[in-house]
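>>> Pasting the sequence and the predicted model now:
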Amino acid sequence: MSLKALKMHRGDLTFRGDYLEEDTYRLPEIDTLMKEPLSIINYAGSTLQFKGFSDIKRGCLGPFGATSRSSRSTANNADSLRMNKQETSRLGEAGAFLIQKLMKVAGAVDPSNWEALDRYSQSQKDSIIEGVTLLLEENRNDEFRSVDELDSIAQYEDRWAARLVNLLDGLQGRGEVADQVLSFLETSLTKKPVIPPSAYRFSLMTDYGEIIIGDTTASHYDGDLFVVIDPGGNDTYDINLDGVGHQTYIIDYSGDDVYNFPRNRISPYFFGGSIIVDYNGDDTYDAGSFSLGSGLFGVGVLWDAAGNDKYFGDTFTQGAGCFGVGILRDDAGNDLYQGALFAQGFGFVDGIGVLLDSDGNDTYFAGGKYKDILRYKDHYLSLSQGFAYGIRPKMSAGVGLLIDKSGNDVYVSDIFGQGSSYWYGLGVLSDGAGNDQYVSFQYAQGAATHMTLGILYDVSGDDIYSAKGVSQGCGHDRAAGILVDLDGNDSYNAFDLSQAAGSANGMGILADIRGADAYVVRSDQNTQGYGQPRRDYGSIGIFIDLGGKDGYAGGQGRDSTWWSDSKWGVGIDK
């Protein structure tokens, strides 16, 4: 009905693929989705069916080419561990099998087995490490620098980005390794491996580091941890690592545990990886950057199966991927997630980042540390909560997914977040059920800027959406931003360029299917179904409300009517 009112058809909702030359990091599925952007609605809904790592592997690594574009790293047979009869007997069959499997995973993750790295000298590897870190990090002191100083920093970063384009050519993320890691988690750790008391306080040194099995008392582990298996107790993990290429594998059975991760400027897991599995307890994860389920040219997984947990991180954390895969999975409990930047389901170049929370009343906060000094004096960058980010125009973004299946949740971000993306990527925030609150300022809640895709998809509950602008179903510059809410008595509040707004040849859609809803905007010029003429053709804004007695204030919308005050914008309230 909306398209017919605009004298259009579904085929007009597409983006051409020949605006510019495709870079080598573009995920194949992104180009397909750009041609049929409405298909991201079905994809966002399908993510809520994820139940375990096999679903994540099938729904992320497969469709987005992470396996086919892998480095084909293989584990060396020598990485399997040989134990004598006494050690095997003490560990028991399940314990010995688990350790053997962990060693095979370590062999696969080992950067020396990554064949694609063989062509790089050590100085080139150092340049990759320094350059990518530079592109991901922010400095709080930048807000006190002059305009000339900031311009010099920006030019310096641009030179590094241009250098990395050539240096990284052909070095795709470690999809095959991610496939092996997720298969290991699904097949070997879905049920707790049986560790007999005879294996308590076991220690064995390997080429990768020490394997430690603790006991059921409160234990303290510190230093360069490789493998720790702890049967119980309120434990503390102080992980201290130097350099890069490290691997850490921790399996904790129960207890209210505290995990303290490194705060190095350079990630110790760059080219490496980590797996943290905690089966039960109210746990605290305290980290700086590049941890808590982050894959930086590697694979990182954090899986917490139960408990009211707290996750604290800085940058590139809580489900973040860059030339790799990062996953944070939490199965139950009322959890708190707090990050500053590039967090909570974030996909950078050739990366996939996933945060999957299955149950509980959860709180997500991203921002509050690094000011958005180029635009505002009093707002902070977030680029989080189902967000994908690329380096324009040199390197396309990856995929960022934040999936929360149930609970009364609160999402807070500031600049960029909540199912949004920038430059040829896909950002998704999918929420299954509950009375949720979404609070952000700009570029959020189903927003896409510069040839990219973003969606916020909410199934049910009486939800509240608050933002300033370029939000709530907004596409800017040949991009598609979509907000879909299937059910509930919802409230939407925005200032401008929101609630189904297309800008600069973009496409913005807001669709609310059922419920008595309230829509408030400050501007009636570019909201609630707005599309502007721009360049060679127009922009499209489609606002749809299909049920309930709705209220409108400040904009063009009215209950039980349709309207069109811009050339390619339309609103329908049935």
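On my side now, so go ahead.

>>> going forward, measure contacts between C-alpha atoms and count neighbours the same way
OK.

>>> Let me know whether residue 287 touches residue 267 as I believe.
No. With contact defined as C-alpha atoms under 8 Å, residue 287 does not count as touching residue 267 (11.6 Å).

>>> Between the two, which contacts overlap?
Counting by C-alpha atoms under 8 Å, 6 or more residues apart in numbering, no residue touches both residue 287 and residue 267.

>>> so where's this structure uncertain?
67-80 (pLDDT under 70).

>>> Show me the residue sitting in the middle of it in space.
residue 345 (1.7 Å; C-alpha atoms, centre = their mean).

>>> Hmm, that residue is touching residue 364, no?
No. With contact defined as C-alpha under 8 Å, residue 345 and residue 364 do not form a contacting pair (11.1 Å).

>>> Show me the common contact partners of those two, please.
Common neighbours of residue 345 and residue 364, counting by C-alpha under 8 Å, 6+ apart, are residue 385.

>>> What does residue 523 show for phi and psi?
Note on residue 523: backbone dihedrals following degrees, to the nearest 10 are phi -110, psi 130.

>>> Next, give phi and psi for the closest residue in space to it that isn't next to it in sequence.
Distance criterion C-alpha to C-alpha, 6 or more residues apart in numbering; nearest residue to residue 523, sequence neighbours excluded, is residue 496 at 5.3 Å. According to degrees, to the nearest 10, the main-chain angles of residue 496 amount to phi -150, psi 170.

>>> Please report the distance of residue 496 from residue 463.
Between residue 496 and residue 463 the distance is 20 Å, computed by C-alpha to C-alpha, to the nearest Å.

>>> related to what we said a few turns ago, which residues sit in contact with the residue nearest to residue 523?
Neighbour list for residue 496: 468, 469, 470, 521, 522, 523, 524, 525, 526, 527 [criterion: C-alpha under 8 Å, 6+ apart].

>>> Spell out the residue ranges of the strands in the stretch 151-300 of the chain.
Using DSSP state E, counting those that start in this stretch, the strands assigned to the stretch 151-300 of the chain run over residues 202-206, 209-213, 220-223, 227-230, 236-239, 247-252, 258-260, 273-278, 284-286, 294-296, 299-304.

>>> looking at these, which is buried most?
Stretch with highest mean neighbour count among those: strand 294-296 (a mean of 35; mean count of other C-alpha atoms under 10 Å).

>>> Tell me which other helices or strands that one touches.
For strand 294-296, the packing partners by 3 or more C-alpha pairs under 8 Å, 6 or more residues apart in numbering; DSSP states H and E come out as strand 299-304, strand 320-322, strand 324-330, strand 351-357.

>>> thinking again about what came up before, tabulate the strands of the stretch 151-300 of the chain in TSV, adding columns for distance to residue 17.
Compiled in TSV, these are given as follows (distance: least, C-alpha to C-alpha, whole Å):
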stretch	distance to residue 17
strand 202-206	51
strand 209-213	48
strand 220-223	50
strand 227-230	47
strand 236-239	46
strand 247-252	40
strand 258-260	45
strand 273-278	35
strand 284-286	43
strand 294-296	29
strand 299-304	31
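
>>> So residue 307, which state does it fall into?
Each residue gets one of three states, and residue 307 gets coil by DSSP: H, G, I helix; E, B strand; the rest coil.

>>> Ends of stretch 241-261, what's the gap?
One end of stretch 241-261 sits 9 Å from the other (C-alpha to C-alpha).

>>> swap in stretch 237-252?
Across stretch 237-252, the straight-line distance between its terminal residues is 11 Å, by C-alpha to C-alpha.

>>> Can you give the distance of it from its chain's centre?
Relative to its chain's centre, stretch 237-252 lies at 22 Å (C-alpha atoms, centre = their mean, to the nearest Å).

>>> same thing with stretch 51-63?
Using C-alpha atoms, centre = their mean, we find the averaged C-alpha position of stretch 51-63 to lie 14 Å away from the chain's own average C-alpha position.

>>> Name the residues of that stretch that come out as buried.
If you call a residue buried by 16 or more other C-alpha atoms under 10 Å, then stretch 51-63 has these buried ones: 52, 53, 54, 56, 57, 59, 60, 61.

>>> and if you look at stretch 366-376?
Judged by neighbour count using 16+ other C-alpha under 10 Å, the buried positions of stretch 366-376 are 366, 367, 368, 369, 370, 371, 372, 373.

>>> Likewise for stretch 545-560?
In stretch 545-560, counting by 16+ other C-alpha under 10 Å, buried: 545, 546, 547, 548, 549, 550, 555, 556, 557, 558, 559.

>>> Closest one of these to residue 139?
Nearest to residue 139, judged by C-alpha to C-alpha, of the buried residues of stretch 545-560 is residue 555 at 39.6 Å.

>>> For the residue lying closest to that closest one once chain neighbours are set aside, grab the count of nearby residues.
Distances taken as C-alpha to C-alpha, 6+ apart put residue 524 closest to residue 555, at 4.1 Å, once the chain neighbours are dropped. Using other C-alpha atoms under 10 Å as the criterion, residue 524 is surrounded by 18 other residues.

>>> try residue 86
One way to gauge burial is a neighbour count; for residue 86, by other C-alpha under 10 Å, it gives 8.

>>> and what of residue 83?
Residue neighbour count, defined by other C-alpha under 10 Å, stands at 12 for residue 83.

>>> Return the distance of it relative to residue 96.
8 Å.

>>> what's the answer for residue 53, then?
With distances taken as C-alpha to C-alpha, residue 53 is found 23 Å from residue 96.

>>> What's the biggest helix in this structure, counting residues?
Among the elements of type helix in the chain, defined by DSSP state H, the one spanning the most residues is helix 85-109.

>>> Touching whichever helix or strand comes after that one from outside, list them.
Towards the C-terminus, the helix or strand next in line after helix 85-109, according to DSSP states H and E, is helix 122-136. Residues external to helix 122-136 that are found in contact with it (C-alpha under 8 Å, 6+ apart): 157, 160, 161, 164, 167, 168, 266, 270, 315, 316.

>>> Neighbour-wise, which one of those leads?
Busiest of the contacts of helix 122-136 [other C-alpha under 10 Å] is residue 316, holding 34 neighbours.

>>> From what I see, it and residue 345 are in contact.
No. Look at residue 316 against residue 345 with C-alpha under 8 Å: they stay out of range, at 9.4 Å.

>>> CSV please, covering the buried residues of stretch 51-63 and showing secondary structure and distance to residue 182.
As requested, those are exported to CSV (DSSP: H, G, I helix; E, B strand; the rest coil; distance: C-alpha to C-alpha, whole Å):
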residue, secondary structure, distance to residue 182
52, coil, 9
53, helix, 6
54, helix, 7
56, helix, 8
57, helix, 7
59, helix, 12
60, helix, 11
61, helix, 10
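
>>> Out of these, give me the two with the largest separation.
Checking those against each other with C-alpha to C-alpha, the farthest-apart pair comes out as 52 and 61, at 13.5 Å.

>>> just so I know, which of the strands of the stretch 151-300 of the chain lies nearest residue 109?
Taking the strands of the stretch 151-300 of the chain one by one with C-alpha to C-alpha, strand 273-278 is closest: 6.5 Å.

>>> OK, contacts around residue 514?
Taking C-alpha under 8 Å, 6+ apart as the definition, contacts of residue 514 comprise 486, 487, 488, 489, 545, 546, 547, 548.

>>> Please report how far the closest residue to the last one other than its chain neighbours lies from residue 572.
I take that to be residue 548. If you skip the residues right next to it in sequence, residue 548 has residue 516 as its closest partner in space, 4.3 Å away by C-alpha to C-alpha, 6+ apart. Taking C-alpha to C-alpha as the criterion, residue 516 is separated from residue 572 by 15 Å.

>>> For residue 427, which residues count as its bridge partners?
Beta-bridge pairing for residue 427 (DSSP bridges): residue 400, residue 454.
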